[in-house]
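Visitor: Give me the fold of what follows.
(one chain, ligands or ions: 1)
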Amino acid sequence: MRIYREKDYEAMSLRAAQVMAAEIIHRPNCVLGLATGSTPIGMYKRLIELNKEGKLSFKEVRTVNLDEYKGLSPEHDQGYRYFMQKQLFDHVDILPENTRVPDGLASDPDGECTGYDAYIRSLGGIDLQLLGVGHNGHIGFNEPGDVFVKPTHVVDLTERTIDANARFFATRDDVPKQAFTMGIGPIMAAKKILLIASGEEKAEAVYNTVCGPINPHCPGSILQLHSDVVLVADEAALSKVIAAGVVK
Ligand code: GLP
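Guide: Have a look, this model is predicted:
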């Protein structure tokens, strides 16, 4: 795992944008696995700037998102399709038909999951997968548990995740209790992985992901088995990894 230690959120966002832009420049029709949450917003802003300056084109890029709340429509302002439109897609030259987010309203949830994996396979897999990390070490919405679940699936969100995401909803009760998430299979099959993290509250999750035992109680720990992971994080998020002497 290559680790980039950045001073703060802005520096982390710039470095992460450089990694993603490099992939797009190298392979204009690449397949990007994209993530939501507050962490990638600064990175997406940088990519939008590059696109507006004419330095980066998304015209041939295909994207698949990691996850979506079950029960939220694409127009719901806390849904991940809406997030992607507002934070990236509406501002760059990507073709709408080249973007895919799980359908939170799918009438056949199992079919949505198998169809999602089939779609990723039809694209030839993911070239670069962007990941944030939850406080409990989740990636996408792969929550801690007794096994790593490989295919795309519907997951029951943990109380900790519901608490963490309640800040975006009017009340905690409004947070959906389930979500669709890409499984560990397509994530680990991605050719490259870009993991990003910011802030002291992620320090433990980052430490467990990078240095902890590889087990499904910290889903991110499986990334230690991937041969091409770049972790871009600020010093606060890396504090425990730095204290352990793993990164200077
Ligand atoms: C959600 C998303 C994850 C994301 C995580 C961290 O649970 N499903 O993909 O990585 O939140 O979010 P944040 O970046 O806001 O800390």
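Visitor: which residues of the protein fall in helices?
Guide: With DSSP state H, the ranges of helices along the chain come out as 9-26, 41-52, 80-87, 109-122, 159-165, 184-189, 203-211, 235-243.
Visitor: where does this protein come near the ligand, residue by residue?
Guide: The chain comes close to the ligand at residues 35-39, 66-67, 132-134, 140-141, 161, 165, as judged by Cβ under 6 Å from any ligand atom. Using the backbone N, CA and C atoms, a C-beta is placed for each residue, glycine as well.
Visitor: Can you flag the buried ones in these?
Guide: 35-37, 39, 66-67, 132-134, 140-141, 161, 165 (16 or more other Cβ atoms under 10 Å).
Visitor: What distance do you get for residue 204 to the ligand?
Guide: As defined by Cβ to the nearest ligand atom, to the nearest Å, residue 204 lies at a distance of 13 Å from the ligand.
Visitor: Check what pLDDT that residue gets.
Guide: pLDDT for residue 204: 98.
Visitor: Once you drop chain neighbours, what's closest to it?
Guide: Leaving aside its sequence neighbours, residue 204 sits nearest to residue 240 (Cβ to Cβ, 6 or more residues apart in numbering; 6.3 Å).
Visitor: which one of the buried ones among the residues of the chain next to the ligand is nearest residue 84?
Guide: residue 36 (6.9 Å; Cβ to Cβ).
Visitor: Surely that closest one and residue 82 touch.
Guide: No - judged on Cβ atoms under 8 Å, residue 36 makes no contact with residue 82 at a distance of 9.7 Å.
Visitor: these two touch, right, the residue nearest to residue 204 and residue 206?
Guide: Yes - Residue 240 lies in contact with residue 206 (Cβ under 8 Å); the separation is 6.9 Å.
Visitor: Tell me which of the two has more neighbours.
Guide: The neighbour comparison of residue 240 against residue 206 (other Cβ atoms under 10 Å) goes to residue 206, with 26 against 18.
Visitor: Ignoring the adjacent residues along the chain, who's closest to residue 151?
Guide: For residue 151, the closest residue by Cβ to Cβ, 6+ apart turns out to be residue 183, at 4.6 Å.
Visitor: neighbours of that neighbour, just the number please.
Guide: Neighbour number of residue 183 under other Cβ under 10 Å is 19.
Visitor: shouldn't it be in contact with residue 147?
Guide: No - using Cβ under 8 Å, residue 183 is not in contact with residue 147, being 10.8 Å away.
Visitor: Now the weakest link among the helices of the chain, please, by mean pLDDT.
Guide: Among the helices of the chain, helix 159-165 scores lowest, with a mean of 92.
Visitor: Tell me how far that helix lies from the chain's centre.
Guide: Chain-centre distance of helix 159-165: 17 Å, with Cα atoms, centre = their mean, to the nearest Å.
Visitor: what do you get for stretch 62-73?
Guide: Taking mean C-alpha positions (Cα atoms, centre = their mean), stretch 62-73 and its chain are 11 Å apart.
Visitor: can you pull the buried residues of that stretch?
Guide: For stretch 62-73, by 16+ other Cβ under 10 Å, it's 62-70, 72.
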